[in-house]
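Q: need coordinates for the below:
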Amino acid sequence: MTDSVYVTLDALLEARRHCRELPLAGRPLHPGRQAGQQLSRLRGRGIDFDQVRLYQPGDDIRNIDWRVTARTRKAHTKVFNEERERPVFVICEQSARLFFGTQLRFKSVLAAEACALIAWMALAHNDRIGGMVFDASQCHEVRPRRSRRAILQLFSEVLKGNHALQPGALPPDHEPLNLALRHSREVVRPGSILYLLCDHAAIDRLSQPLLNALGAHNDLVLLPIFDPLEASLPSSPGLEFIQGEQRLTLNTTSPQLREAWAAQFLTRQQGWQRLASRSRCGLLPLDTSRSAIDQLQLLLSMHARRKH
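A: Here you go, the predicted model:
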């Protein structure tokens, strides 16, 4: 059983069992009704050029090689072979701002759980799996490989990052995700599938040119993580927040305060939606009130369908 504050190696390994429960083939994909959810169909596997041969009845005329046809005066067509695998790369945040939660688990734990599910699903479908774990100051990457050892190395980095989190840490004065995106450009192979697990508030200072540069040559799925308290404040005369030795008590009975709080979250949600729409990438916000497997089931089923 996953601890609500810190993730365990047993929980990351146990995620493999859940992947086996997912359907491997295909019903049609429909976005859910959750606000802000938007799933774009991945562009599918690329194709490698194989050869040019004489045109045969039934060949796709769009693949005719007009240069060879003009030179030989006989119709020739290009033949392609479908790629057998694409690298899967998981970018997983484990910074101090994720060390928070009011529901089933902390945001940092949910990010780790989701990372494990994606990794096991990729390996189950014979894809190379790698990733990067980042906080406010550093990134640790694992190069994609088709092996259990690569997954265990990724889990090791997730566990180190997760267990280094402590209460009372101050939020960074810069956007940690930008550091990870900049570093990812140096290690991610074009044609990869990138799953980005980060804090929902990252949209405020996210460098869209960095994200666009990655998305131009890869399939990108955005998985911003939030806690329900960030979306809606309860009405309470004494709602207490604790960070280390600091305590803050708010009177949230004011409708104006709750409306402003909800408006800030909605602005961020809409920012993610606009970003996903412009970048033509998948978007699935994850919240700490539900398990990772319940929220990712549709997305991972979509990954599985790419094999059929």
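Q: quick one: buried residues of stretch 201-218?
A: By neighbour count on 16 or more other CB atoms under 10 Å, the buried set for stretch 201-218 is 201, 202, 203, 206, 210, 211, 214, 215, 218. C-beta here means a position set from N, CA and C on the backbone, and glycine is covered the same way.
Q: I should have written stretch 60-75 there, sorry.
A: For stretch 60-75, using 16+ other CB under 10 Å, the buried residues are 64, 65, 68, 69.
Q: go ahead and confirm the last one touches residue 78.
A: No - taking CB atoms under 8 Å as the definition, residue 69 is not a contact partner of residue 78, at 10.7 Å.
Q: ok, then the element right after the helix or strand of the chain with the lowest mean pLDDT?
A: Lowest by mean pLDDT, DSSP states H and E among the helices and strands of the chain is strand 47-54, with a mean of 71. Note on strand 47-54: by DSSP states H and E, the next helix or strand toward the C-terminus is helix 66-72.
Q: which residues sit against that following helix?
A: 52, 55, 75, 76 (CB atoms under 8 Å, 6 or more residues apart in numbering).
Q: which among these count as buried?
A: Buried among these (16+ other CB under 10 Å): 52, 55, 76.
Q: which one of those residues is nearest residue 125?
A: residue 52 (31.4 Å; CB to CB).
Q: which residues touch the closest one?
A: Here residue 52 is in contact with 65, 68, 76, 77, 78, 79 (CB under 8 Å, 6+ apart).
Q: again, but for residue 278
A: Neighbours of residue 278 in contact, by CB under 8 Å, 6+ apart: none.
Q: quick check: the gap between it and residue 212.
A: Using CB to CB, to the nearest Å, residue 278 is found at 8 Å from residue 212.
Q: same thing with residue 286?
A: 23 Å.
Q: just to revisit the earlier point, reformat the buried residues of stretch 201-218 as CSV; add secondary structure, distance to residue 151 and pLDDT.
A: Output for the buried residues of stretch 201-218, formatted as CSV (DSSP: H, G, I helix; E, B strand; the rest coil; distance: CB to CB, whole Å; pLDDT from 0 to 100):
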residue, secondary structure, distance to residue 151, pLDDT
201, helix, 29, 96
202, helix, 25, 96
203, helix, 29, 96
206, coil, 28, 95
210, helix, 27, 93
211, helix, 26, 93
214, helix, 22, 91
215, helix, 25, 90
218, coil, 20, 92
